[in-house]
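Undergrad: Below are the sequence and a predicted model; questions follow.
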Amino acid sequence: MGLVEGISTYFLRSTRKSYNRGNYRSSLIKSKIIFTLFKDRESLDIIARSYLRLERFSAASRVYKRANDLGLALLDHEV
């Protein structure tokens, strides 16, 4: 595993912990930073799900549309 992948994995682990504990605002902020740096599917997925849990449905819709435009499939898309 390279240095970049290790850093990405470390930050994603922290973001997942925040999300699983119900700290959706924290997970949203962390995953936005990760997506800006690494452009990975998992951080975009956490962004969308955090928006859903925070009941910011129009923002979640924009994220799902962006993922669709990038050819990515995210969890909770039907919600």
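TA: The structure has been received and is ready for your questions.

Undergrad: alpha carbons only for contacts and neighbour counts from here, please
TA: Will do.

Undergrad: How far off centre is the helix or strand of the chain with the lowest mean pLDDT?
TA: When each helix and strand of the chain is scored by mean pLDDT, DSSP states H and E, helix 3-20 comes last, with a mean of 90. Computed by Cα atoms, centre = their mean, to the nearest Å, the chain-centroid distance of helix 3-20 equals 11 Å.

Undergrad: Which other helices and strands does that helix contact?
TA: helix 24-38, helix 41-53 (3 or more Cα pairs under 8 Å, 6 or more residues apart in numbering; DSSP states H and E).

Undergrad: got any ranges where the protein has weak pLDDT?
TA: 1, 76-79 (pLDDT under 70).

Undergrad: tell me the contacts of the residue nearest the centre of the chain?
TA: The centroid of the chain falls nearest to Ile46 when counting by Cα atoms, centre = their mean (2.6 Å). Shown in contact with Ile46 (Cα atoms under 8 Å, 6 or more residues apart in numbering): 16, 19, 27-28, 31.

Undergrad: Swap in 7 Å and give it another go.
TA: With contact taken as Cα atoms under 7 Å, 6 or more residues apart in numbering, Ile46 is in contact with 28, 31.

Undergrad: now swap in Tyr51 and tell me
TA: Going by Cα under 7 Å, 6+ apart, the list of residues near Tyr51 reads 57, 59-60.

Undergrad: same thing but 6 Å
TA: Ala60 (Cα atoms under 6 Å, 6 or more residues apart in numbering).

Undergrad: so how far is Leu72 from Arg66?
TA: Distance of Arg66 to Leu72, given as Cα to Cα, to the nearest Å: 9 Å.

Undergrad: What residues sit buried inside stretch 4-13?
TA: In terms of neighbour count (16 or more other Cα atoms under 10 Å), stretch 4-13 has its buried residues at 8, 11-12.
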